[in-house]
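1. got a predicted structure plus its sequence, pasted below:
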Amino acid sequence: NRARVDASMVCVDFDLTVLARHSFAERVTVERVERLDAADVEREFVDVQSFRRLLSYATARGMDVKIASFGEYEVIQAYVDRALGRGAMTRADISTPSRVGAKDGCAVEGGKNRQIEELLREKHGEEAWKKFRDTVVLFDDDERNVEAAIRAGFRAAHTPDGLTRAAIQSVFGDFD
């Protein structure tokens, strides 16, 4: 049984981490997501129940949960609205490359770091955000993003099987 991890922010990648498919590479559209029935929406996630529980777990402990993805914002928002309910996460909670001056659907140099840094700036301010690097945990299926995050001073967990209960427990031992 692992000790509780002190964190202020949990960032999760979307495609192949939260979602079981690579929505950008497959050119999934908002219209397609909106046409899915509820059961099909849930099946498109790696483990929608663990994602929902992570949001509750984090909120109860004062942590923010953010999505940091190279995908397209509108598609991610459509999936999140369908799985969690409209308004459960907003643009403020979903960082895509367009939030840091790049084009959605394109990798950002340095992995997710610029996106996470921007989220920290929004939370803690331009002067203070750097003090909070080690309070961020990134879950990502891409080992290169994990390694880049760790080099930048963030905590990160490689999730080759996606955001599963076991992956969350590997960081937050008291998660159930």
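-> Okay, I see it. Residues are numbered from 1 along each chain as shown.
2. I'd say Tyr79 and Val33 touch.
-> Yes: with contacts counted by C-beta atoms under 8 Å, Tyr79 reaches Val33, the gap being 5.6 Å. Any C-beta I mention is one placed from the backbone N, CA and C, and that applies to glycine too.
3. which residues do the two both contact?
-> Common contacts of Tyr79 and Val33, defined by C-beta atoms under 8 Å, 6 or more residues apart in numbering, comprise Val41.
4. tell me which of the two has more neighbours.
-> With neighbours defined as other C-beta atoms under 10 Å, Tyr79 and Val33 compare such that Tyr79 has more, 25 against 22.
5. residues of whatever helix or strand Glu74 lives in that come out buried?
-> Assigned by DSSP states H and E, Glu74 belongs to helix 73-84. Neighbour counts over helix 73-84 (16 or more other C-beta atoms under 10 Å) mark Tyr73, Val75, Ile76, Gln77, Ala78, Tyr79, Val80, Asp81, Arg82, Ala83 as buried.
6. average pLDDT across that helix?
-> For helix 73-84, mean pLDDT rounds to 98.
7. now do stretch 154-164
-> Per-residue scores along stretch 154-164 average to 97.
8. what residues sit buried inside it?
-> Residues of stretch 154-164 classed as buried: Phe154, Arg155, Ala156, Ala157, His158, Thr159, Gly162, Leu163, Thr164 (neighbour count, 16+ other C-beta under 10 Å).
9. so for the first one, what's the nearest residue that isn't a sequence neighbour?
-> It refers to Phe154. Leaving out its chain neighbours, the residue that sits closest to Phe154 by C-beta to C-beta, 6 or more residues apart in numbering is Val136, at 4.6 Å.
10. how about the last one?
-> The spatial neighbour of Thr164 that comes closest, neighbours along the chain excluded (C-beta to C-beta, 6+ apart), is Asp47 at 5.0 Å.
11. burial measure for the one you found, as a count.
-> 20.
12. so it is in contact with Ala166, correct?
-> No: Asp47 is beyond contact range of Ala166, at 9.4 Å (criterion: C-beta under 8 Å).
13. where along this structure do the strands fall?
-> Applying DSSP state E to the chain gives strands spanning 9-12, 64-68, 94-95, 136-140, 155-158.
14. so which of these is the most surrounded?
-> Mean neighbour count (mean count of other C-beta atoms under 10 Å) peaks for strand 136-140 among those, with a mean of 27.
15. show me what that one is packed up against.
-> Using 3 or more C-beta pairs under 8 Å, 6 or more residues apart in numbering; DSSP states H and E, the elements in contact with strand 136-140 are strand 9-12, helix 113-124, helix 143-151, strand 155-158, helix 165-171.
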